[in-house]
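[1] the following block contains a protein sequence and its predicted model.
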Amino acid sequence: MMRIDIITIFPKMFEPILNESILKRAQHKGKVKIYVHDLRDYTLDKHRKVDDRPFGGGSGMVMNAEPIFRAVESIKHQTPNTKHRTKVILLCPQGERLNQKIARRLARYKHLILVCGHYEGIDERVRQKLADEEISIGDYVLTGGELPAMVLVDCLARLIPGVLGDKNSLISESFEDNLLEYPHYTRPADYRGMKVPAVLLSGDHRKIGAWRKKEAIKRTKKRRPDLIRCKIRER
Ligand code: 4GX
């Protein structure tokens, strides 16, 4: 069982994603518990303000440290026994780029607190004192940390034992060795004259395995040569 708390100013954004498909089933099966917190509930002023103008001037707004500190502290108090294995993660472009290796490492934690930032950014003291890690989902700019948080939750949930069926977990092993997937086909064997490679219809599983490996390597070399280099480095 893994617990994930998400701190956001847009809690409703999470509803359709968390209440559908595999994430919904994972929660029903008790494999993961996901709590979404409205950051404004942790403000102290009557306007429930979460941002302010930057010291030193400039355009845009900066998220205040106070509500974020209060939210994280409140969640940590709710979960005293998992405290030692709680990780606070800030989703932001400055973070370490998410990949399958990082996902496998994060999936081992019992408790994650995900902080979704907005505007130009957050008060640096959140980074210094509150966030254990910063994670980016890629080198492009989004409007907030909500979609990155959902990407991370989705990616971690499928790594929790029992969330996927055995069949699906085998599929993931292709990325485990840093290769792109080999080509897949299903019926019919001839679709508008486009034929399925004969080897896949041969019933020879040794030959099929060799073909798939060869195709996976060919495709990875062509499209993602960086993954091949990465493979050598990581071993
Ligand atoms: N992968 N963004 C976060 C606001 C922000 C800035 C700094 C905290 C610190 C993104 C990404 C991403 C846009 C989410 C800026 N919050 N996050 N937001 N790519 O682009 O993770």
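    Great, that's in hand.
[2] and the gap between the residue in the chain that the ligand sits nearest to and G145?
    Each residue of the chain has a distance to the ligand, by C-beta to the nearest ligand atom, and the smallest belongs to G117, at 2.1 Å. Bear in mind the C-beta positions are built from the backbone N, C-alpha and C, glycine included. The gap separating G117 from G145 is 5 Å, by C-beta to C-beta, to the nearest Å.
[3] which one's more surrounded, those two?
    It is G145, of G117 and G145, that has more neighbours when counted by other C-beta atoms under 10 Å, with 29 against 26.
[4] show the pLDDT at the residue in the chain sticking out farthest from the centre.
    If you look at how far each residue of the chain sits from its centre, by C-alpha atoms, centre = their mean, the farthest one is G193, at 39.7 Å. At G193 the predicted local confidence, pLDDT, stands at 98.
[5] the chain: helices as residue ranges?
    Across the chain, reading from the start of the chain, the helices by DSSP state H fall at 15-18, 21-28, 65-78, 100-106, 124-129, 146-157, 166-176, 205-223, 225-234.
[6] could those helices be laid out in a markdown table, adding mean neighbour count, distance to Y185 and mean pLDDT?
    A markdown table is the format used below for those (neighbours: other C-beta atoms under 10 Å; distance: least, C-beta to C-beta, whole Å; pLDDT from 0 to 100):
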| stretch | mean neighbour count | distance to Y185 | mean pLDDT |
| --- | --- | --- | --- |
| helix 15-18 | 14 | 30 | 98 |
| helix 21-28 | 15 | 24 | 97 |
| helix 65-78 | 17 | 47 | 97 |
| helix 100-106 | 15 | 25 | 97 |
| helix 124-129 | 14 | 48 | 98 |
| helix 146-157 | 21 | 26 | 98 |
| helix 166-176 | 11 | 15 | 60 |
| helix 205-223 | 14 | 11 | 98 |
| helix 225-234 | 11 | 23 | 72 |
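[7] export those to JSON lines and tack on distance to S59?
    Conversion of the helices of the chain to JSON lines gives the following (distance: least, C-beta to C-beta, whole Å):
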{"stretch": "helix 15-18", "distance to S59": "31"}
{"stretch": "helix 21-28", "distance to S59": "37"}
{"stretch": "helix 65-78", "distance to S59": "20"}
{"stretch": "helix 100-106", "distance to S59": "33"}
{"stretch": "helix 124-129", "distance to S59": "18"}
{"stretch": "helix 146-157", "distance to S59": "22"}
{"stretch": "helix 166-176", "distance to S59": "40"}
{"stretch": "helix 205-223", "distance to S59": "39"}
{"stretch": "helix 225-234", "distance to S59": "36"}
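[8] make CSV out of those and add distance to the ligand.
    Formatted as CSV, the helices of the chain follow (distance: least, C-beta to the nearest ligand atom, whole Å):
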stretch, distance to the ligand
helix 15-18, 16
helix 21-28, 19
helix 65-78, 10
helix 100-106, 13
helix 124-129, 8
helix 146-157, 4
helix 166-176, 20
helix 205-223, 22
helix 225-234, 18
